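Colleague: Give me a 3D structure for the following:
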Amino acid sequence: MSLTFSTMAALRFGTGFRPGQAPPESVEELLGQLDAGRRETPDFPEGGLAAAKARISAKASELAALKLADRDMDPLTQRANRARFRIGLDNCLTRDEHARFMQAVLSPNGFNERLAGFWFNHFSVSSRKEDFMRLVVPVYEAEAIRPHMAGRFADLAKAAVLHPAMLIYLDQVKSFGPTSPLGLKRKSGLNENLGRELLELHTLGAGSGYTQADVRNAASVLTGMTVDRATYRSRYAVNMAEPGSRRVFGTSYGGGVRGEGDIDAMIDDLAATPQTRDHICRKLARHFLSDTPPPEVVDAMASAWTRSDGDLTAVYTAMLRHPRSWDNEGQKAKLPFDYIVSGLRALAAEEKDLAAAPQAVKPEPAATGSEGMAAMPVAVMADSAVPGGPGTDAMTADPAVRRLRTNPLTVQAAERLGQPLWRPPSPAGFDDGFSTWIAGGPLADRIAWARLAAAKLGGSRDPRDFLRETLRDAARQDTIDIVSKAPNRQMGLALVLASPEFNRR
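Modeller: Numbering: from 1, shown residues only. Coordinates of the predicted model:
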């Protein structure tokens, strides 16, 4: 190990250094963050899980009332009411997005936060799939991902795959058994999306030996799982389930009567395969260590998986205890979310710095300085007025129908840097390969963000002290020299945040 343990722990396995928070000094301290994370209540969704679920039910009732009221209203008023309703959903999501950043920036449990990001990306869903996903996706991470990511993989997989967010995102709510009562009545058939991604992404992995017949049969076994649109909770509808036995990856499920237990059994069996074990262990090692992780580390993780029946804490422990996991720093690039979080932690950002902006934000003048450093615009999206004729201005004076403005340091920045929060480009999530994020365009945007963050949060910090506190023994001599020669404080701080060492793990 070329760096001290605490530096590697903070940079490679955590969310970076934050003044006032001591970094882990041992593997035991890193693993202890999992228990601490399990005990804490996340900053999102707003008000906690119970409040978020009540909000979903209330919004579902509100939408039902809107549909009834539409019968007695002119089209213009209908559009205005629907626009107001959607803006309300957007604002709920915006508040939760900002709270998600607060969670990562302020939490002392960096390893736990990194794992939450990894597993959400593995079991990807998008808040933009449909309107109500704006409310459901924050709940998904808080109740399906975080409580299960230190337990058995099979339990995590069932919690994620069978959550309303996943059922909606991968169109399971549109999948009917072709010969089920509802399938025959509606003349509807299977949707294979969830069956395919369950095998290809969530468990076995591409090239693991499953066939198209396995995909279709998995989709058949999954029929019956749907979402109650009054509460947006998962439910099993037997009249949607395809009857009969189906064989998936060598095991048969079901018989004359299809049951929800068949789905649980199928996910349990897929989670227990060597293919799933190898796929997940390799993906974890690739995320934390290198795009080509040391085979001996992956083998140690796989052995721990086998001995523990897929206990993820045992797998993490095997990775953290292997000496090769602490070699060759800088092999991975920080994804935009992690880059922003680590920068804000280094600058000791507080809640007031991370919140959504309820009022207009005036554009700031472009920053000037070193050649090639473009400044990030600070202007943000304008308030969206509800469409309509007379009365529109009065209606938009109501905060309930004005869009919250996204913070240019967090939510807005993540989108600009290529990783919009809770909006992966596909069910495969965001690629975390080094070359995806360390390139000309992405780096220019990071430099612009570094300048903005330094201007807003840098204060009177001495760049040389900031470099020592932020990178410690990871700082290279050429970076130390460049920062020492910066023409002013703001530029020096931005140079630290834009340095190669800060952008890598």
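
Colleague: Would you mind finding the longest helix in this structure?
Modeller: Ordering each helix of the chain by length in residues (DSSP state H) puts helix 75-106 first.

Colleague: Please, which helix or strand holds the closest residue to Leu493 other than its chain neighbours?
Modeller: Excluding its sequence neighbours, the residue lying closest to Leu493 (Cβ to Cβ, 6 or more residues apart in numbering) is Ala454, at 3.8 Å. (Each C-beta comes from the backbone N, C-alpha and C, glycine too.) Secondary-structure assignment from DSSP states H and E places Ala454 in helix 440-457.

Colleague: same deal with Val227?
Modeller: Per DSSP H and E: Val227 is located in strand 225-228.

Colleague: how about that strand: buried residues?
Modeller: Within strand 225-228, the residues that qualify as buried are Met225, Thr226, Val227, counting by 16 or more other Cβ atoms under 10 Å.

Colleague: now those as TSV including pLDDT and distance to Asp269?
Modeller: What follows is the buried residues of strand 225-228, written out as TSV (pLDDT from 0 to 100; distance: Cβ to Cβ, whole Å):
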residue	pLDDT	distance to Asp269
Met225	98	17
Thr226	98	22
Val227	98	25
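
Colleague: just to revisit the earlier point, pLDDT score assigned to the residue nearest to Leu493?
Modeller: Ala454 is assigned 98 on the pLDDT scale.

Colleague: Tell me how far Leu284 lies from Val137.
Modeller: In this view, Leu284 and Val137 are 23 Å apart by Cβ to Cβ, to the nearest Å.

Colleague: Could you check which of these two has the larger neighbour count?
Modeller: Between Leu284 and Val137, counted using other Cβ atoms under 10 Å, Val137 has the larger neighbour count: 28 against 22.

Colleague: Please give me every residue in contact with the more buried one.
Modeller: Leu93, Val125, Ser126, Ser127, Ala165, Trp422 (Cβ atoms under 8 Å, 6 or more residues apart in numbering).

Colleague: what about the residue nearest to Thr406 when sequence neighbours are not counted, how many neighbours?
Modeller: Excluding its sequence neighbours, the residue lying closest to Thr406 (Cβ to Cβ, 6+ apart) is Gln412, at 4.2 Å. If you count neighbours by other Cβ under 10 Å, Gln412 ends up with 24.

Colleague: what do you get for Ser61?
Modeller: 12.

Colleague: which element is it on?
Modeller: Going by DSSP H and E, Ser61 is in helix 49-69.

Colleague: orientation of that helix relative to helix 75-106 in degrees?
Modeller: Orientation of helix 49-69 against helix 75-106 (axes from the mean of the first three to the mean of the last three Cα atoms, to 10 degrees) gives an angle of 170 degrees.

Colleague: buried ones in helix 49-69?
Modeller: By 16+ other Cβ under 10 Å, the buried positions in helix 49-69 come out as Ala52, Lys53, Arg55, Ile56, Lys59, Ala60, Leu63.

Colleague: Tabulate those residues (CSV), appending pLDDT and distance to Asp465.
Modeller: Putting the buried residues of helix 49-69 into CSV (pLDDT from 0 to 100; distance: Cβ to Cβ, whole Å) gives the following:
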residue, pLDDT, distance to Asp465
Ala52, 98, 41
Lys53, 97, 46
Arg55, 97, 44
Ile56, 98, 47
Lys59, 97, 48
Ala60, 96, 53
Leu63, 94, 54
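
Colleague: For the helix holding Ala454, which residues meet the burial criterion?
Modeller: 442-443, 445-457.

Colleague: Following the chain past the helix or strand hosting Thr317, name the next helix or strand.
Modeller: Per DSSP H and E: Thr317 is located in helix 312-321. The helix or strand immediately downstream of helix 312-321 is helix 336-346, counting by DSSP H and E.

Colleague: Noted, bye for now.
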